[in-house]
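Enquirer: 3D model of this:
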Amino acid sequence: MKKLMILPALALGLATPLAAQEYPVIPGDYVSVSMISVEDGHDLEYANHLAGMWRKGQDFAVKQGWITGYEIQTNEYKRPGEPDFFLVTRFAKFTDPAQEDAREKAYNAYMATTAAQMQAASGERAKYRKVMGSMLLRTWKWRN
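Expert: Okay, here's the model as predicted:
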């Protein structure tokens with residue numbers, strides 16, 4: 001039965017001009033989504049972190065051209081086990097190791113912090129927030 005369904009599909013594919021077989025979409029930006037859960041009573045504390053250090057770093061990354069945009073989304077109808085926040089960052093391409101090292105140095109200088117201080121701050125936030133996971137998506141743009 002499967003062979004019978006595949007044959008007409010192959011015949012149609014062979015009859016279609018090659019140009020018409022192009023995907024109607026092309027790859028766009030990558031989209032990194034972090035899923036964050038915040039314990040009851042700590043939403044304002046986490047929002048202040050996002051409005052402060054996180055926003056400052058994201059705005060710097062946009063100005064440097066490292067990312068093309070970012071946003072915060074909230075889960076308005078949260079079910080048990082789902083995150084409260086989705087932190088979305090868009091970027092066009094990945095870095096190589098040398099670029100990554102240069103970016104880290106520039107970021108730390110701009111933020112006036114060290115890797116150890118950033119780890120300590122993350123540990124403090126871990127008392128009331130949990131990174132539930134992350135996803136890497138990619139947008140598609142229309143070819144025409």
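Enquirer: mind checking the SS state of residue 110?
Expert: helix (DSSP: H, G, I helix; E, B strand; the rest coil).
Enquirer: how about the contacts made by the spatially closest residue to it that is not a sequence neighbour?
Expert: In this structure, residue 110 finds its nearest non-sequential neighbour in residue 60, 5.2 Å apart by CB to CB, 6 or more residues apart in numbering. Backbone N, C-alpha and C define where each C-beta goes, glycine included. By CB atoms under 8 Å, 6 or more residues apart in numbering, residue 60 lies in contact with 107, 110, 111.
Enquirer: tell me where this structure has helices.
Expert: 2-15, 43-49, 55-64, 97-111, 115-125 (DSSP state H).
Enquirer: check which helices and strands the shortest one sits against.
Expert: Applying 3 or more CB pairs under 8 Å, 6 or more residues apart in numbering; DSSP states H and E, one finds that helix 43-49 makes contact with no other helix or strand.
Enquirer: buried set for that helix?
Expert: Neighbour counts over helix 43-49 (16 or more other CB atoms under 10 Å) mark 46, 49 as buried.
Enquirer: now the fourth one
Expert: Buried positions in helix 97-111, judged by neighbour count with 16+ other CB under 10 Å: residue 107.
Enquirer: now what about it, what contacts it?
Expert: For helix 97-111, the external contacting residues (CB under 8 Å, 6+ apart) are 53, 56, 57, 60, 61, 64, 66, 95, 114, 115, 118.
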